[in-house]
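# pasting the sequence and the predicted coordinates here, then a few questions.
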Amino acid sequence: MSDLGLIRDLDSIDELLVNEAAPKEMPRRNSKAIWSGAIAAVLLVAVGAGVWIAQNNKTVPAGNNTSAINEGDDSVIYEDDAVKVSMANGHAGGTVSSEYCLTYLTEWELLNNCDVLLRARITDVTNITIESKKMEQMTGSKFITEACILTLEPVNVIRGQLSGSGPIKVYVDKYVNTSLADLTLSLNNSKKGAEGLFMISKSENNYVGYPTELAEYAAGDSQRYAIIYDGKELLFDHSSFPGFSASWDLDRAESYASTIAGGLTVAPDDFKFSISWEYWGCDQSEKHYFSFDSKTCKYSRVGDAALEQEYGPEDLTADIVLEQDIINKIYSSCKRLDEMPETIPSDTPAGGQYSEKIEITYIANGKEKRVVYSGPEIVYNRSYVHDLLKMTETDIGHYLDSSASVIAWWNSKIK
Amino acid sequence: MLVTFYRSFPIYKTEGAQQSQDMSKDPLVQLFLQRSEDAINEAKQLYGNKLRGFALRILGSPEDAEEIENSVYLEAWNKIPLAEPVSLESYLFMLCRRRSLDKLEERQALKRGGGTAQTPIEELNEALPGEDGRNWAGQISRKDLLNRFVKELPDREREIFLQRYWYFLSTREIAKLHGLKESHVKVLLSRIRKQLKDLLIKEDLWNE
């Protein structure tokens, strides 16, 4: 009998059912097995002398070769032992002075760990192909991906240093950058001249496709490096930047980014918080409850048997002592609740199918703040808290999921 | 080109020329039916990336994924017009899935570690015992029952189930598609697997 069992049996499933279930946009997977745990979505290449540290200098003549992988290709922009970068559709090449990569991380980490946070204007969008020559550890194979090249003209440096002047070329890997690919395609068509915020970090090894610190990222994460204003609204990956709002203009986005990029706030000595999360699933028997109080370090969980596989035994009480680093991060998250009303409005109170009730209370600098949400399950992206707090190993991550979702939901409503 | 005969699936109706003409409005299927030399190139242009990506999920190897992609075009060429899919895209996906799973079994990747398909395979097989020595008749009735079970799931649960175990999406990706918490998706899948297991027991397909 096949080892694959029921998975194999699903081959016989009615085609119509399979079609209906097809994801509208198949998430592009950033598989560890393919990318050795990391993908660099962007190379930053400076055009013009003295802008970035020179690593390699190569001027490539313009070419009309539409097949970018062939040897001796006139459209090759740059090549070394690790990578070959070619123009996919015959556009003119440029001078490559250095390579940088953008790593995609959480909103906080992205804005803080980038070497330069730049407000820049998009002056050109072009398609290129990147071919990695490096053999993958796990697969032993090369990979090829498509990319776009954005040429940016700096407007303002929000964080870090950008010496010199002139346009900056940024390579964006479309294969892994679902959201940016969509943005870039729309940029291709009509968004030249748009301004945005761009987060750029220097790659440790200068390879295309190998940025730092991406091993924790699961497949499906979008490359997040830009927030672009198209004249009407902000365009960005909402799961990557839950604190931003599409209704903001770029000035407000820059102001908010500057706050975050300023670094993590250290929690005051009197900072304490408590969070409780009550969730109702499909039916009344699926109810989960978590609570954590930092004063007592007591964590408790009462949950449905269906969660046992993922979370362990149904009911659990534990002592969790948080490290200061985590407390600081939670404090930064709580600070964002300052402007929220005590009771977040919702149409129907929690208790029905797929609903939740979240209560967050914290004390800092002698002031207490309480926020309560009771209503339908909040739509959000868990990766914000998962990645920021790196607490997947403890159930408090699910708790703080809720606080993050409250934050994200609220921020999405801010006008 | 060698034309191979294969067993039709219930979803494809192959009797009657008139019915054949009416059946598939997909222009790409028409190219295959007309044995046009452009058929495979067009299919590759339109679906190549998706098919490779799909195979990649299952196998974890770009080389294997590319090999599977190429084998899918050849198989489609050989099997159409005997099989006349309504949609070439979904047909190619189906072939891709099958060949990828074949490859997975060949490589005994379950032992050595393949792509990301291992977890959903193991998950779903929780609804089954291990080696059960079931006979061919048992397998057929299990497939029918599975088909019936999936059809009868509520729309959202069915989509999530198939996205996980047919398309091999991660729970995180599924959560994002549906605007749900990842934990919620996991709970839903866990419940569905339990329902399936209960049904298999009830239909006496658990131990034969």
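Right, received. Where do you want to start?
# distance from stretch B:26-37 to the middle of the chain?
Taking Cα atoms, centre = their mean, to the nearest Å, one finds the center of stretch B:26-37 at 23 Å from the center of the full chain.
# quick one: mean pLDDT over that stretch.
Mean pLDDT, computed over stretch B:26-37, is 83.
# so for that stretch, what gets flagged as buried?
B:D26, B:L28, B:V29, B:L31, B:F32, B:L33 (16 or more other Cβ atoms under 10 Å in any protein chain shown). Using the backbone N, CA and C atoms, a C-beta is placed for each residue, glycine as well.
# distance across it, terminal residue to terminal residue?
Stretch B:26-37 has an end-to-end distance of 17 Å (Cα to Cα, to the nearest Å).
# quick revisit: so which of the buried residues of stretch B:26-37 are also by chain A?
By Cβ under 8 Å from any Cβ of the partner chain, no member of the buried residues of stretch B:26-37 lies near chain A.
# can you add distance to A:V371 and secondary structure and give these back as a markdown table?
A markdown table is the format used below for the buried residues of stretch B:26-37 (distance: Cβ to Cβ, whole Å; DSSP: H, G, I helix; E, B strand; the rest coil):
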| residue | distance to A:V371 | secondary structure |
| --- | --- | --- |
| B:D26 | 52 | coil |
| B:L28 | 54 | helix |
| B:V29 | 56 | helix |
| B:L31 | 59 | helix |
| B:F32 | 59 | helix |
| B:L33 | 62 | helix |
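# name the nearest of those relative to B:A65.
B:L28 (21.1 Å; Cβ to Cβ).
# give the contact list for the closest one.
B:A39, B:E42, B:A43, B:L46, B:L88 (Cβ atoms under 8 Å, 6 or more residues apart in numbering or on different chains).
# which residue, neighbours along the chain excluded, lies closest to it?
B:L88 (4.4 Å; Cβ to Cβ, 6 or more residues apart in numbering or on different chains).
# now do B:R158
Closest to B:R158 by Cβ to Cβ, 6+ apart is B:V150, at 5.9 Å.
# does the one you found lie in a helix or a strand, and which?
helix B:136-152 (DSSP states H and E).
# A:Y299 and chain B, how far apart?
16 Å (Cβ to the nearest Cβ, to the nearest Å).
# element containing that residue?
strand A:298-302.
# check whether A:D338 sits in a helix, strand or coil.
coil (DSSP: H, G, I helix; E, B strand; the rest coil).
# looks like it contacts A:K369 (just checking).
Yes - proximity of A:D338 to A:K369 meets the contact threshold set by Cβ atoms under 8 Å, at 6.4 Å.
# which one of these two has more residues nearby?
Taking other Cβ atoms under 10 Å in any protein chain shown, A:D338 and A:K369 do not tie; A:K369 has more neighbours (16 against 11).
# grab the nearest non-local neighbour of A:D124.
Per Cβ to Cβ, 6+ apart, closest to A:D124 is A:T151, 3.9 Å.
# ok, now how distant is the one you found from B:I68?
Computed as Cβ to Cβ, to the nearest Å, the A:T151 to B:I68 distance reads 38 Å.
# that older thread, what is the neighbour count of the residue nearest to A:D124?
Per other Cβ under 10 Å, the neighbour tally for A:T151 reads 19.
# could you look up the SS state of it?
The three-state label given to A:T151 by three-state DSSP is strand.
# quick check, nearest of the buried residues of stretch B:26-37 to B:E106?
Closest to B:E106, out of all of the buried residues of stretch B:26-37 and judged by Cβ to Cβ, is B:F32, at 27.1 Å.
# ok, that closest one touching B:A83?
No - look at B:F32 against B:A83 with Cβ under 8 Å: they stay out of range, at 9.6 Å.
# ok so A:F290 is a strand residue?
Yes - with three-state DSSP as the criterion, A:F290 is part of a strand.
# report pLDDT for it.
Looking at A:F290, its pLDDT is 72.
# that one against A:S300, yeah?
Yes - A:F290 is within contact range of A:S300, at 7.3 Å (criterion: Cβ under 8 Å).
# run through who's touching stretch B:192-202.
Contacts of stretch B:192-202 (Cβ under 8 Å, 6+ apart): A:6, A:306, B:123-124, B:126-128, B:142, B:145-146, B:149, B:153, B:157, B:160-161, B:206.
# the strand holding A:Y299 pairs with which strands, parallel or anti?
strand A:287-293 (antiparallel), strand A:315-319 (antiparallel) (DSSP bridges).
# so where do the helices sit in chain B?
Secondary structure of chain B (DSSP state H): helices located at B:17-23, B:27-33, B:38-59, B:62-79, B:88-106, B:109-112, B:118-124, B:136-152, B:155-165, B:171-178, B:182-202.
# quick one: mean pLDDT over the fourth one.
Right, helix B:62-79. Helix B:62-79 comes out with an average pLDDT of 88.
# then the shortest one?
Confidence over helix B:109-112 (mean pLDDT, whole number) is 48.
# gap between the nearest residue to B:L153 once chain neighbours are set aside and B:L199?
Distances taken as Cβ to Cβ, 6+ apart place B:F161 nearest to B:L153, at 6.2 Å, with adjacent residues excluded. To B:L199, B:F161 is 13 Å away according to Cβ to Cβ.
# so between these two, which is more surrounded?
Using other Cβ under 10 Å as the criterion, B:F161 and B:L199 rank with B:F161 on top: 25 against 17.
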